[in-house]
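Visitor: predicted structure and sequence below. I'll ask about it afterward.
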Amino acid sequence: MYSFLVNPHSRSGLGASVWKTIEPVLKEQQVEYQVFFTQYQRHATRIVHDLTKDLNTHTLVVLGGDGTINEVLNGIVDFSLVTLGYIPIGSSNDFARDIGLSADPLKALEIILHPSQIQTMDVGLLTYRDRQKRRYFAVSTGLGFDAAICHQAVVSRLKVFLNKLKLGKLTYVGIALNRLFYNQPVSMKITVDSEENTSQTFSYEKVYFAAVMNHRYEGGGCMFCPKADATDGVLDLIVVSRLPKWKILILLPTAFFGKHVYFKGIHLLTGTHFSIHSEKALPVHTDGEPIFLQKDIEVTLAPKRLSVISK
Ligand SMILES: Nc1ncnc2c1ncn2[C@@H]1O[C@H](COP(=O)(O)OP(=O)(O)OP(=O)(O)O)[C@@H](O)[C@H]1O
């Protein structure tokens, strides 16, 4: 039995119309399925928690964007009991981009119904407020400028307008320029635990953002950590610091090709646990979904991995 989680609101309303093309195929192929439509923010988490708390195996199929994937992850009671299928219809789709999932909903559905490859993927775990609060992430979590863009995108009318023109990705470019102008860089102290159980602390001045990535892309195709691999058992960190704003304007387009790594001021590290302390409270996101301002976050890997239909 397939359980479909449909965010009708994804890409400003595309979700509902895509479902209308998916459902006839399921009926025609006599697929056993149930469907849940999300009605409000974080509803997907609640639905998935209720579904998976029976501790049976489940195949969950998400029709939405990275934000819906994030909400679904945070509802799963035991990752090892779930197989995830994904029909990417969001604005940024960074999770799908790295796995190479088809952007054509009917092709993606065909793969989900007849999979030839299931990948076991790492899941990231963010904790904050002295580990009292936690959120899983599929793609990345970040503190600073990248999260400020996500915070702004949630309230942006620009996103709705550009999504209607099928140019949703441009939302992030427009908002990035705006945030770059207003956000001031800060100092950060970052402790990284490596795979070999060594721990090192680094201090950075004038940091625009620090992002811990499980996949290579965030922000709608920026390959911030070109070596990130969601199957390697480690997380990748990027810190962007000590760069004049005009240089960041030049750097950002190069990040679409992973060429930003050659700029002085880009720091890349890998590890299994990161403690990040910022001089000031900054916006935080997981998979593009905003979390209130934080000064201290910790990022690590969830103890269990998730099976994802990839081909
Ligand atoms: N019925 C609903 N009405 C309003 N918002 C909803 C509804 N269902 C889910 N949401 C919210 O929609 C937000 C965005 O969803 P999603 O990530 O699927 O699409 P997107 O923003 O277009 O894509 P991306 O995250 O890839 O940019 C999530 O924060 C989710 O909580």
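Guide: Great, that's in hand. Numbers count the residues shown, from 1 in each chain.

Visitor: going forward, measure contacts between C-alpha atoms and count neighbours the same way
Guide: Fine.

Visitor: now the helices for the stretch 151-300 of the chain?
Guide: In the stretch 151-300 of the chain, the segments counted as helices under DSSP state H, counting those that start in this stretch are 157-164, 169-182, 245-255.

Visitor: what residues does the stretch 1-150 of the chain put near the ligand?
Guide: Residues of the stretch 1-150 of the chain lying near the ligand by CA under 6 Å from any ligand atom: 7-11, 38-42, 64-68, 90-93.

Visitor: emit the ChimeraX select command for whichever of those residues are buried.
Guide: A single ChimeraX command is used to select the members of those judged buried by 16 or more other CA atoms under 10 Å:
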select :7,8,9,10,11,38,42,64,65,66,67,68,90,91,92,93
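
Visitor: which of the residues of the stretch 1-150 of the chain next to the ligand fall in strands?
Guide: Judged by DSSP state E, strands contain the following of those: G64.

Visitor: ok, R179 touching G144?
Guide: No - here R179 lies out of contact with G144, judged by CA atoms under 8 Å, at a distance of 10.1 Å.

Visitor: looking at those two, which one has more neighbours?
Guide: It is G144, of R179 and G144, that has more neighbours when counted by other CA atoms under 10 Å, with 27 against 16.

Visitor: contacts only, for the closest residue to that one other than its chain neighbours.
Guide: When the adjacent residues along the chain are set aside, G144 lies closest to F209, with 4.4 Å between them (CA to CA, 6 or more residues apart in numbering). Under the criterion of CA atoms under 8 Å, 6 or more residues apart in numbering, the contact list for F209 reads 142-146, 185, 239-241.

Visitor: possible to save these as JSON lines with pLDDT?
Guide: Listed next are those as JSON lines, based on pLDDT from 0 to 100:
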{"residue": "G142", "pLDDT": "92"}
{"residue": "L143", "pLDDT": "94"}
{"residue": "G144", "pLDDT": "91"}
{"residue": "F145", "pLDDT": "84"}
{"residue": "D146", "pLDDT": "81"}
{"residue": "P185", "pLDDT": "92"}
{"residue": "V239", "pLDDT": "97"}
{"residue": "V240", "pLDDT": "95"}
{"residue": "S241", "pLDDT": "95"}
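
Visitor: and which of the residues you listed is nearest the ligand?
Guide: Checking the contacts of F209 against the ligand by CA to the nearest ligand atom gives D146 as the nearest, at 13.0 Å.

Visitor: tell me the secondary structure at the closest one.
Guide: Under DSSP: H, G, I helix; E, B strand; the rest coil, the three-state class of D146 is helix.

Visitor: ok, now which ones touch it?
Guide: 176, 209, 211, 219.

Visitor: and if we set it to 10 Å?
Guide: When the contact criterion is CA atoms under 10 Å, 6 or more residues apart in numbering, the partners of D146 are 172, 176, 179-180, 208-211, 218-219, 283-285, 288.

Visitor: what of P88?
Guide: With contacts taken as CA under 10 Å, 6+ apart, P88 has the following neighbours: 10, 15, 62-66, 68-69, 94-97, 101-105, 108.

Visitor: ok, of those, which come out buried?
Guide: In these, burial by neighbour count holds for 10, 15, 62-66, 68-69, 94-97, 101-102, 105, 108, counting by 16+ other CA under 10 Å.

Visitor: okay, and the beta partners of H285?
Guide: G142, P290 (DSSP bridges).

Visitor: close enough to count as contact, it and G219?
Guide: No - counting by CA atoms under 10 Å, G219 is not a contact partner of H285; they are 11.1 Å apart.

Visitor: return the distance of the residue lying closest to V284 once chain neighbours are set aside relative to T21.
Guide: Counting by CA to CA, 6+ apart, V284 lies nearest to L143, which is 4.6 Å off, once chain neighbours are set aside. For L143, the distance to T21 (CA to CA, to the nearest Å) stands at 38 Å.

Visitor: quick one, which of those two is more surrounded?
Guide: When L143 and T21 are compared on other CA under 10 Å, the one with more neighbours turns out to be L143, at 29 against 12.

Visitor: tell me who's in contact with the more buried one.
Guide: 207-212, 239, 276-278, 281-286, 291, 293-297.

Visitor: which stretches of the stretch 151-300 of the chain form strands?
Guide: Read by DSSP state E, counting those that start in this stretch, the stretch 151-300 of the chain holds these strands, from start to end of the chain: 186-193, 199-213, 235-241, 266-271, 273-286, 289-301.
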